[in-house]
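Trainee: predicted model and sequence below, questions to follow.
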Amino acid sequence: MRPGHDLTYDDVFMVPSRSSVTSRLDVDLRTPDGVGTTIPVVVANMTAVAGRRMAETVARRGGIAVLPQDIPLPEVRKTVERVRSSHPVYETPIVVERSAPVAQLLSVMHKRAHRAAVVVEAGRPIGVVTEADTQGVDRFASAGHVMEEPRVVLEEGVDLREAFDLMEEAHAGLAPVVAGGLLRGIVTRTGLLRSAIYAPALDAEGRLCVGAAVGINGDVPGKAAELLSYGVDVLVVDTAHGHQDKMLHALPQVVTARDAHEAATGRRVPVVAGNVVSRAGVEDLVAAGADVVKVGVGPGAMCTTRMMTGVGRPQFSAVLECAEAARESGAQVWADGGVKYPRDVALALAAGAASVMVGSWFAGTLESPGDLMRDADGRSYKESFGMASARAVKNRTRDLSAFERARSSLFEEGISSGRMFLDPHRPGVEDLLDQIVSGVRSAFTYAGARSIGEFHTRAVVGIQGAAGYEEGRPRHTSW
Ligand SMILES: NC(=O)C1=CN([C@@H]2O[C@H](COP(=O)(O)OP(=O)(O)OC[C@H]3O[C@@H](n4cnc5c(N)ncnc54)[C@H](OP(=O)(O)O)[C@@H]3O)[C@@H](O)[C@H]2O)C=CC1
Ligand SMILES: Nc1nc2c(ncn2[C@@H]2O[C@H](COP(=O)(O)O)[C@@H](O)[C@H]2O)c(=O)[nH]1
Ligand SMILES: [K+]
């Protein structure tokens, strides 16, 4: 039954069906959107969320990050190069020389979830410093002084299970991986486990995937061609109101640039466009050449559009209608915004999305680009801000005249300084991916679906009131 009003994720639930999928490990989460992702997770093109470490880490687990349109092109180029040159299995180590002071180590160690640095001499790993090693020692003490010799050093190409057992035996939390004695990367035991469960998102040459966004103003096809030349794996044409003439003018130009790139290189890069929330919006964007349509107006955590304008649409219904329209025209949709729990990802897929875009939730992780801050109670957080916030608009319009900048700052539709707290037990983005992927795999087995395509047809969704939602929440103390 279709209700007479629109619904968001909290309004709906799924009913289990008889299932022939007997293990959550039998579920295949490869996305049907042609992007090459092996899990349906896309990191939103927000400056506070998608940077190099985020892109690399998420791609290694099968998702993809979209670099924001506000980053200067030379920076985007560097980031794309570094993501593509990162190892698809081994993590990128924090590398220091023997003489590096502890103060320097402390300033970089929290940037990676493994929270350790490898001490090298002429490219060879000679020691490992963990965060614990830096406690209670002088800030000027050197890495060489506090490091421990690596308990295990692995050769590149080592069998991952074997590596796990070796590390377990030696009680090693982290091991450098070498080729010809030179450091190639590091592995952790948790990382090895993850590598057994996830498959990285790779291009045809085996490099980690990364995407990039363009807006609808300025030389859009020129910028798109430039991004394609860097080797991005997906192009996102992104604006608040995707169903407008400027978009319908810019999008075919991006598609032409994409086709020229395909003719020259043989690589076809999917084009995503948005955001819309209606069937008509999807039809127009697909007619203008979009392979994937991005859906969501107003659900974003940093987004004030609905409060400022009254415009938007509850996200579950928006995805449902848009996915239906997309399917009829041979396209796919990404559900963008409003994801706070793994259930929201599962429900977006149930509504028909090929993949789900997550922004602010991931801002509160070690891998997001922001500085790690602490509030008065000592809780760690990172600042997040919307791409239509005064902060982002000021940055985006930096080359305009003072008058134009002041004028655009009047149209603020986002929060400038949200605080995204890190979960002290799950501070890394991979911890959040673990939750999402295990929740979604489980949802698939409840529906009896082995793939996203099967889930689209098999998921049985019902409507609940606030009490129904509340009943589903765990209670950590008695009532
Ligand atoms: N999903 C969502 O709900 C929303 C997402 N965002 C995100 O913020 C970022 C910046 O997007 P955006 O603000 O579009 O900036 P852009 O720099 O992409 O510019 C938007 C263009 O569209 C024109 N425009 C016409 N109507 C509107 C409208 N109602 N809102 C915004 N622009 C309009 C603007 O002209 P003029 O300035 O002259 O009006 C401008 O030329 C994007 O990443 C976008 O995804 C922003 C808002 C909502
Ligand atoms: N109305 C606005 N929407 C914004 C802004 N910045 C980003 N966004 C949208 O939110 C999603 C991410 O949602 P989240 O709930 O996961 O954070 C992002 O992809 C954009 O579509 C903004 O300033 N205003
Ligand atoms: K919102």
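Mentor: Looks like it arrived, so ask away. Numbering: from 1, shown residues only. Ligands and ions are numbered 1, 2, ... in the order given.

Trainee: number of nearby residues for the closest residue to ligand 1 within the stretch 51-200 of the chain?
Mentor: Nearest to ligand 1 in the stretch 51-200 of the chain, going by Cβ to the nearest ligand atom, is residue 69, at a distance of 6.6 Å. In short, each C-beta sits where N, CA and C put it, glycine included. By other Cβ atoms under 10 Å, the residues close to residue 69 number 24.

Trainee: secondary structure class for it?
Mentor: Classification of residue 69 by DSSP: H, G, I helix; E, B strand; the rest coil places it in coil.

Trainee: where's it relative to residue 326, distance?
Mentor: Residue 69 sits 23 Å away from residue 326, going by Cβ to Cβ, to the nearest Å.

Trainee: and residue 195, by the same measure?
Mentor: Counting by Cβ to Cβ - residue 195 and residue 326 are separated by 33 Å.

Trainee: okay, domains of the chain per the record?
Mentor: Following automatic domain parsing, the chain resolves into domains at 9-87+200-471, 94-197.

Trainee: where along the stretch 101-250 of the chain do the helices fall?
Mentor: Taking DSSP state H, counting those that start in this stretch as the test, the helices found in the stretch 101-250 of the chain are 102-109, 143-146, 160-169, 189-197, 220-230, 245-265.

Trainee: now those in TSV, with distance to ligand 1?
Mentor: As requested, the helices of the stretch 101-250 of the chain are arranged in TSV below (distance: least, Cβ to the nearest ligand atom, whole Å):
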stretch	distance to ligand 1
helix 102-109	29
helix 143-146	40
helix 160-169	38
helix 189-197	30
helix 220-230	10
helix 245-265	6
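
Trainee: will you turn those helices into CSV that also has mean pLDDT and mean neighbour count?
Mentor: Below are those laid out as CSV (pLDDT from 0 to 100; neighbours: other Cβ atoms under 10 Å):
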stretch, mean pLDDT, mean neighbour count
helix 102-109, 88, 16
helix 143-146, 91, 19
helix 160-169, 96, 15
helix 189-197, 94, 17
helix 220-230, 98, 19
helix 245-265, 98, 17
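
Trainee: nearest to residue 477, of those helices?
Mentor: Evaluated over the helices of the stretch 101-250 of the chain, closeness to residue 477 peaks at helix 189-197, with 29.8 Å, by Cβ to Cβ.

Trainee: now the angle from that closest one to helix 160-169?
Mentor: Going by axes from the mean of the first three to the mean of the last three Cα atoms, to 10 degrees, helix 189-197 is angled at 160 degrees with respect to helix 160-169.

Trainee: which residues sit against helix 189-197?
Mentor: Taking contacts as Cβ atoms under 8 Å, 6 or more residues apart in numbering, the residues outside helix 189-197 that touch it are 25, 61, 89, 91, 114, 160-161, 163-164, 167-168, 172-173, 187, 430, 434, 437.

Trainee: swap the cut-off to 10 Å and go again
Mentor: For helix 189-197, the external contacting residues (Cβ atoms under 10 Å, 6 or more residues apart in numbering) are 25, 60-62, 88-91, 113-114, 154, 158, 160-165, 167-168, 171-175, 185, 187-188, 428, 430-431, 433-434, 437-438, 441.

Trainee: how far off centre is it?
Mentor: 19 Å (Cα atoms, centre = their mean, to the nearest Å).

Trainee: what does stretch 447-460 give?
Mentor: Here stretch 447-460 is found 23 Å from its chain centre; the criterion is Cα atoms, centre = their mean.

Trainee: quick one: end-to-end length of that stretch, please.
Mentor: 7 Å (Cα to Cα, to the nearest Å).

Trainee: looking at the helices of the stretch 101-250 of the chain, spot the one closest to ligand 2.
Mentor: helix 245-265 (14.0 Å).

Trainee: helices or strands up against that closest one?
Mentor: Helix 245-265 sits against strand 211-214, helix 220-230, strand 234-238, strand 271-276, helix 279-287, with contacts defined as 3 or more Cβ pairs under 10 Å, 6 or more residues apart in numbering; DSSP states H and E.

Trainee: show me the contacts for the residue nearest to residue 163 when sequence neighbours are not counted.
Mentor: Distances taken as Cβ to Cβ, 6 or more residues apart in numbering place residue 154 nearest to residue 163, at 5.2 Å, with adjacent residues excluded. Each residue near residue 154 by Cβ under 10 Å, 6+ apart is listed here: 90, 160, 162-163, 166-167, 172, 175-178, 184-187, 192.

Trainee: let's see it at 8 Å
Mentor: For residue 154, the contacting residues are 163, 166, 175-178, 187, by Cβ under 8 Å, 6+ apart.

Trainee: repeat that for residue 369.
Mentor: 47-54.

Trainee: for residue 280, same thing?
Mentor: Residue 280 neighbours (Cβ under 8 Å, 6+ apart): residue 243.

Trainee: end-to-end on stretch 87-102?
Mentor: 27 Å.

Trainee: sorry, slip of the keys, the one I care about is stretch 189-209.
Mentor: Stretch 189-209 end-to-end distance (Cα to Cα) = 24 Å.

Trainee: centre of the chain to it, how far?
Mentor: Averaging C-alpha positions (Cα atoms, centre = their mean) puts stretch 189-209 15 Å from its chain's average.

Trainee: do the same with stretch 118-134
Mentor: Put simply, stretch 118-134 sits 29 Å off its chain's centre (Cα atoms, centre = their mean).

Trainee: how about stretch 368-384?
Mentor: On the basis of Cα atoms, centre = their mean, stretch 368-384 sits 19 Å off its chain's mean C-alpha point.

Trainee: any idea how many residues pack against the nearest residue to residue 246 once chain neighbours are set aside?
Mentor: Excluding the flanking residues, the one nearest residue 246 by Cβ to Cβ, 6+ apart is residue 216, at 4.8 Å. For residue 216, the neighbour count with other Cβ under 10 Å is 22.

Trainee: which helix or strand contains the residue nearest to residue 427 when sequence neighbours are not counted?
Mentor: Closest residue to residue 427 apart from its sequence neighbours, by Cβ to Cβ, 6+ apart: residue 366 at 5.1 Å. Per DSSP states H and E: residue 366 is located in neither a helix nor a strand.

Trainee: hang on, residue 366 packs against residue 426?
Mentor: No. Using Cβ atoms under 8 Å, residue 366 makes no contact with residue 426, being 10.2 Å away.

Trainee: so when I look at residue 22, I'm seeing a strand, right?
Mentor: No. Assigned with three-state DSSP, residue 22 falls outside any strand and is coil.

Trainee: nearest spatial neighbour of it, skipping sequence neighbours?
Mentor: residue 445 (7.6 Å).

Trainee: quick one: the one you found and residue 18 touch, right?
Mentor: No. Residue 445 lies out of contact with residue 18 (Cβ under 8 Å); the separation is 11.3 Å.

Trainee: higher neighbour count, those two?
Mentor: When residue 445 is set against residue 18 and neighbours are counted by other Cβ under 10 Å, the residue ahead is residue 445, at 19 against 6.

Trainee: which residues touch the more buried one?
Mentor: Taking Cβ under 8 Å, 6+ apart, we find residue 445 in contact with 19, 21-24, 26-27.

Trainee: that one: helix or strand, and which one exactly?
Mentor: helix 429-447.

Trainee: give me the mean pLDDT for that helix.
Mentor: Helix 429-447 carries an average pLDDT of 98.

Trainee: distance-wise, check residue 198 relative to ligand 2.
Mentor: Taking Cβ to the nearest ligand atom, to the nearest Å as the measure, residue 198 falls 21 Å from ligand 2.
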